[in-house]
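Asker: pasting the sequence and the predicted coordinates here, then a few questions.
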Amino acid sequence: MFAAVVLTVACQPLKPYGPVPSEAQVAWQRMEINMFCHFGPNTFSGAEWGTGQEAEGLFAPRGLDCRQWVDVASQAGMGGIILTAKHHDGFCLWPSRFSSHTVADTLDVLRRFTDACRDGGVKAGVYISPWDRNHPAYGTERYNDVFDSMLREVHTVYGPMFEQWFDGACGEGPNGRRQRYNWARYMQTMNELNAQCVVFSDVGPGCRWVGNEEGRAGETCWSTLCTDGATPSDNKPAPAELETGHAPLSTANCQLPTPNWVPAECDVSIRPGWFWHPQEHPKTVEELMEIYYNSVGHNGLMLLNVPPDTTGRIPAEDSAVLVAFRAERERIFSHDLAHGAKARAWHHPGHGARNVLDSAYHTYWAATGKSAELTLELDSVTEFDIIVIQEYIPLGQRITAVNLLYDMGDGLYSYTLGDEPTCTTVGYKRIIRLDNPVKWRRVIFQFEGMAPPVINRIALYNSAK
């Protein structure tokens, strides 16, 4: 009888805690870095926000090559590209049946883009701004029919897309036309057309704006967000709330019993502007690494805008920086110094501590209490300055604080940053950068969580080597 009870407990599956991601959201988060391509009349006019009155002939790329965009993205280690198929000026990069402000059939950029992505093994996504400074119906209820028809046209003729990007901009000032967007209708249409498409907006539902355009998630960053009564253009959380999200099962500022799973997407441009301008130049590898640490390393996805120029190609200087950016990531993260270590901790049956050291995504250590310790015993005194921790997010986000104890071979010490924990939230990935390289033999991770922590990876790296 006793043995039977033990066997039943051992086979019990772990229960998720709070909101959890869909399979599509997990796959999206694991992409880590994607490319954004702002391209349109602004590329040729020098503007960032067009007026909508630009002549269609202004958009005239001399050597459009979407396959080159895909090659650059692949060489940079990016698995997806999102194209601004319609920006606020209303100009469509496909010959839409619902607008007269479009490319000609012979210059169907969206077709060339989606074909190039599929041929090159990169996922295609699309940005379609609901603001339209050209369409005569904008500012009336009829425009909601127009915009919904555009969504259906793009996602049926050119889809499937892995991500739909909605910008919340909605007017031209106090004396301009202002549209009351039917967001519920748009979201229903997207769910109808492709339920696996991750829909971005200020409040999701697939992923959220991070609250800034610097590519920076909060030091605390929850993948959960209260969205009751909010839309992408009205009643949305403040930027500071979007940076941090809302803790699972928290009812602060939220009338829902729980928040929704709406992870942060950190958009930033490689250049000062979003569209290509000849006088601007790309960020350095060092600047991009800092963004990576503060986006992917803070439980976000890094969406890096790389704008094509007037030829319709990504400039060589941008491409060179992207290749070097990937090389730097590989230099730092290719050699896990925790490989071969021993991991010890109390654990839920079948989910032992050693699982944090393998490379399989769906294996994990499951702690038995909200406060838990895991010890890594290294082969020898090891020098490193970066620690990577990953929660197994299909079971929810749980951790509220991480502290470190360490042993250099002469006793146990506490690694502190003032009175604060080493870090707060973890989520899909947390990259902890130590103040200086350390030489430790043993590391004890002290976790605090809203529920028992579930960790699928811990790794150590030395950025100086």
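Answerer: Everything's here; your move.

Asker: show the backbone phi and psi for Glu287.
Answerer: Dihedral pair for Glu287: phi -70, psi -40, per degrees, to the nearest 10.

Asker: next one: it relative to Val321, how far apart?
Answerer: Glu287 sits at a distance of 9 Å from Val321 (criterion: Cβ to Cβ, to the nearest Å). Quick note: C-beta positions are derived from backbone N, CA and C, even for glycine.

Asker: list the contacts of the closest residue to Phe113 other than its chain neighbours.
Answerer: Excluding the flanking residues, the one nearest Phe113 by Cβ to Cβ, 6 or more residues apart in numbering is Cys66, at 4.6 Å. For Cys66, the contacting residues are 109, 112-113, 115-117, 312, by Cβ atoms under 8 Å, 6 or more residues apart in numbering.

Asker: determine which two of those residues are furthest apart.
Answerer: Within those, two members stand farthest from each other by Cβ to Cβ: Cys117 and Gly312, at 15.4 Å.

Asker: and the pLDDT for the residue lying closest to Leu107 once chain neighbours are set aside?
Answerer: Distances taken as Cβ to Cβ, 6+ apart place Leu64 nearest to Leu107, at 7.3 Å, with adjacent residues excluded. At Leu64, the model reports a pLDDT of 98.

Asker: over to Thr251?
Answerer: Thr251 is assigned 46 on the pLDDT scale.

Asker: do Leu405 as well
Answerer: Looking at Leu405, its pLDDT is 92.

Asker: same question, Asp318
Answerer: pLDDT, Asp318: 98.

Asker: just confirm it is within a strand.
Answerer: No - checked against DSSP: H, G, I helix; E, B strand; the rest coil, Asp318 lies outside a strand; its state is helix.

Asker: tell me how many other residues crowd the nearest residue to it once chain neighbours are set aside.
Answerer: Using Cβ to Cβ, 6+ apart and skipping residues adjacent in sequence, the residue nearest Asp318 is Pro282, 4.7 Å away. Neighbour count for Pro282, taken as other Cβ atoms under 10 Å: 21.

Asker: residues contacting Pro282?
Answerer: 270-271, 315, 317-318, 321.

Asker: take these and lay them out in TSV including distance to Pro308 and neighbour count.
Answerer: Formatted as TSV, the contacts of Pro282 follow (distance: Cβ to Cβ, whole Å; neighbours: other Cβ atoms under 10 Å):
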residue	distance to Pro308	neighbour count
Ile270	12	25
Arg271	12	20
Pro315	8	20
Glu317	13	12
Asp318	9	22
Val321	15	20
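
Asker: which one among the residues you listed gets closest to Ala264?
Answerer: Nearest to Ala264, judged by Cβ to Cβ, of these is Ile270 at 19.4 Å.

Asker: for the closest one, list the residues it contacts.
Answerer: Residues in contact with Ile270, defined by Cβ under 8 Å, 6+ apart, are 282-283, 288, 304-307, 318, 321-322.
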